[in-house]
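> Pasting the sequence and the predicted coordinates here, then a few questions.
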Amino acid sequence: MEFTIQGGNLPVLLCTLNQGESVFTQRGGMGWMTGNINMQTNMQGGLLGGIKRKLAGDSVFMNFYSCTQGVGTAAFPSIFPGSILAFELSPDQSLICEKKTFLCAEANVQLGIFYRANIGAGLFSGEGFIMQKVTGPGRVFLELPGHGVHHVLQPGEVLKADTGHVAAMTPTVQMNVTMVKGFSNLFFGGEGVFLTQLTGPGEVWLQSITMKGIAHSLIPYLPFRKEG
């Protein structure tokens, strides 16, 4: 399979499939496809797999797109302005992702869930107790609001992020929660009470904006109809 990502900050993933090759996405993720691409909907991983995906914020059923002959194209546009990141996962290699970041993957990739054992991280990190887990082998594509920034953390190195800006990380990264210190920082800093603390070794991908932040900024401009 070959692919291109076009569209700048309004991105679309174009997958070029040879005969017999397949990719899958959650329901409603496909934008357009050529006539030699066949779609089949199934519950990848059975009922248990569907329940796990639902808990992680994805669809119970997944749509598989296969090329029946020759060379075909299937397009998967991002649902919001931002970035599409491509990953090549080796066998048993995994990524831990924020809910709703999964866009598309090759058929061999497995989707699962990652339980956060740390209570504080689950309650206050903005990510919840359950995150997505994608495992290779195969290519995986994630969609992020805004620009994606990649950090490589050395053993013991710490990165602190405002809640919701952590898009993905390797399983070796430890995620905890730290409280903002200082009275004036806490009440007047505008960053909230808690920050997500990431400790290496491992890799982290951050998103420059959050869907929660976008929604909050639009509230003053939304018309509200008062009931008489």
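Looks like it came in fine.
> Residue 198 against residue 159, yeah?
Yes: the pair residue 198 / residue 159 is scored as a contact, 4.6 Å apart, by C-beta atoms under 8 Å. Where you see a C-beta, it was placed from the backbone N, CA and C, and this is true even at glycine.
> who has more neighbours, these two?
residue 198 (22 against 17; other C-beta atoms under 10 Å).
> Please, which helix or strand holds that one?
Per DSSP states H and E: residue 198 is located in strand 194-199.
> most centrally placed residue in this structure?
Centroid check for the chain by C-alpha atoms, centre = their mean gives residue 101 as the closest residue, at 1.7 Å.
> okay, it: pLDDT?
As predicted, residue 101 sits at a pLDDT of 91.
> neighbours around residue 164, how many?
19.
> Phi, psi for it please.
Per-residue torsions, residue 164: phi 90, psi -10 (degrees, to the nearest 10).
> pretty sure it is touching residue 210, no?
Yes: if you go by C-beta under 8 Å, residue 164 and residue 210 touch, sitting 3.8 Å apart.
> residues contacting the nearest residue to residue 84 once chain neighbours are set aside?
In space, and not counting its chain neighbours, residue 84 is closest to residue 11: 4.5 Å by C-beta to C-beta, 6 or more residues apart in numbering. Counting by C-beta atoms under 8 Å, 6 or more residues apart in numbering, residue 11 makes contact with 5, 77-78, 82-84, 143.
> I'd like the residues you listed as JSON lines, with secondary structure and pLDDT appended.
Listed next are the contacts of residue 11 as JSON lines, based on DSSP: H, G, I helix; E, B strand; the rest coil; pLDDT from 0 to 100:
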{"residue": "5", "secondary structure": "strand", "pLDDT": "97"}
{"residue": "77", "secondary structure": "strand", "pLDDT": "96"}
{"residue": "78", "secondary structure": "coil", "pLDDT": "92"}
{"residue": "82", "secondary structure": "strand", "pLDDT": "93"}
{"residue": "83", "secondary structure": "strand", "pLDDT": "95"}
{"residue": "84", "secondary structure": "strand", "pLDDT": "96"}
{"residue": "143", "secondary structure": "strand", "pLDDT": "95"}
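> May I ask which two of those residues are separated the most?
Greatest spacing in the contacts of residue 11, by C-beta to C-beta: 77 and 83 (12.7 Å).
> My reading is that residue 219 lies in a helix. Confirm?
Yes: using DSSP: H, G, I helix; E, B strand; the rest coil, the assignment for residue 219 is a helix.
> what's stretch 77-96 in contact with?
Residues contacting stretch 77-96 (C-beta under 8 Å, 6+ apart): 3, 5, 7, 9-13, 31, 103, 109, 114, 131-148, 168-171, 173, 205, 207, 209, 211, 214.
> Tell me how far it lies from the chain's centre.
Stretch 77-96 sits 7 Å away from the centroid of its parent chain (C-alpha atoms, centre = their mean, to the nearest Å).
> Ok, stretch 205-223 next?
Going by C-alpha atoms, centre = their mean, where stretch 205-223 is centred and where its chain is centred differ by 17 Å.
> just to revisit the earlier point, closest to residue 41 out of the contacts of residue 11?
Closest approach to residue 41 among those (C-beta to C-beta): residue 77, at 19.2 Å.
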